[in-house]
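In: need a 3D model of the following:
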Amino acid sequence: PAPVAGVVCPGDVLLGADEAASALRGHGTLSDAGAGLRSTVVGSCARTNNLVCVVPQRARYVPQVGDVCVGRVVSVGRGVWTLDVRSRLAATLALSAVELPGAAQRLRTANDELRMRDDLREGDVVVAEVQAATHDGGLQLHTRGQRYGSVGVGVMVDVPAGLVLRAKRHVAPASAEGASARGAAGLVVGTNGSVWCGDLPGEPPSGAAG
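Out: Numbers count the residues shown, from 1 in each chain. Next up, the predicted model:
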């Protein structure tokens, strides 16, 4: 059979016997003589080179560089915001990793630090990209670019991170083809399992009720 993509269940064949012979068995998999490689949990099948594993639905989010995340600011420190992105460790967003108004390119000053809560404060929801990730689950974010930053009116829903597959696009703006011009809402499906539906960074408010 062809390699399984997407959500798998216990007993599903991930790789046929021929392919399984040259594959490395990772977490959530079982080698079955004659059948190949099977899943032992409900989750998403992931393959990195020859390593095949199944990420359980209820597992904590494991960040990778380039992931689009939806997080909530939990604290503001000296030159850094701390965000909850449903990972094992909290994420950090440095002042230097935030785009200044007008996309100005300059060094951050003490005045910028004093005005950090004018940009983001506790409770704000932010769309960001993973800039760096460490082996212990720590991650650093950035919000450079028009599609990143704080969001406006909308709703955030959390789903198991294992249900979200990494894709080329995780952001669907309200201006996308087929969206209604009046009252349209954007959508961000965060790789961390947080889904935002509402006003997106860089877009005019939809006027929808919060």
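In: which residue ranges make up each domain of this protein?
Out: Per automatic domain parsing, the structural domains of the chain span 7-56, 68-198.
In: where does this structure dip in pLDDT?
Out: Scanning the chain for pLDDT under 70 picks out 1-5, 101-106, 174-184, 202-210.
In: all helices of it, in order?
Out: Here the chain has its helices, by DSSP state H, at 17-20, 110-114, 116-119.
In: which among those is found nearest to residue 33?
Out: helix 17-20 (8.1 Å; Cβ to Cβ). (Glycine included, C-beta is placed from N, CA and C.)
In: neighbours of residue 165, how many?
Out: 15 (other Cβ atoms under 10 Å).
In: and for residue 70?
Out: Neighbours of residue 70 under the rule other Cβ under 10 Å: 26.
In: quick check, it in contact with residue 195.
Out: Yes: with contacts counted by Cβ atoms under 8 Å, residue 70 reaches residue 195, the gap being 7.0 Å.
In: overlap in contacts of those two?
Out: Common contacts of residue 70 and residue 195 (Cβ atoms under 8 Å, 6 or more residues apart in numbering): 156, 188.
In: how about the contacts made by the residue of the chain positioned farthest from its centre?
Out: Most distant from the centre of the chain: residue 34, at 37.3 Å, with distances by Cα atoms, centre = their mean. By Cβ under 8 Å, 6+ apart, the contact list for residue 34 reads residue 17.
In: ok, now with 6 Å
Out: Neighbour list for residue 34: empty [criterion: Cβ atoms under 6 Å, 6 or more residues apart in numbering].
In: tell me how far it lies from residue 17.
Out: According to Cβ to Cβ, to the nearest Å, residue 34 and residue 17 sit 6 Å apart.
In: cool, and residue 192?
Out: Distance, residue 192 to residue 17, using Cβ to Cβ: 35 Å.
In: just to revisit the earlier point, select, out of the helices of the chain, the one closest to residue 150.
Out: helix 116-119 (7.6 Å).
In: which parts of that closest one are buried?
Out: By 16 or more other Cβ atoms under 10 Å, the buried positions in helix 116-119 come out as 116, 119.
In: how far does it sit from the chain's center?
Out: Distance of helix 116-119 from the chain centroid (Cα atoms, centre = their mean, to the nearest Å) equals 23 Å.
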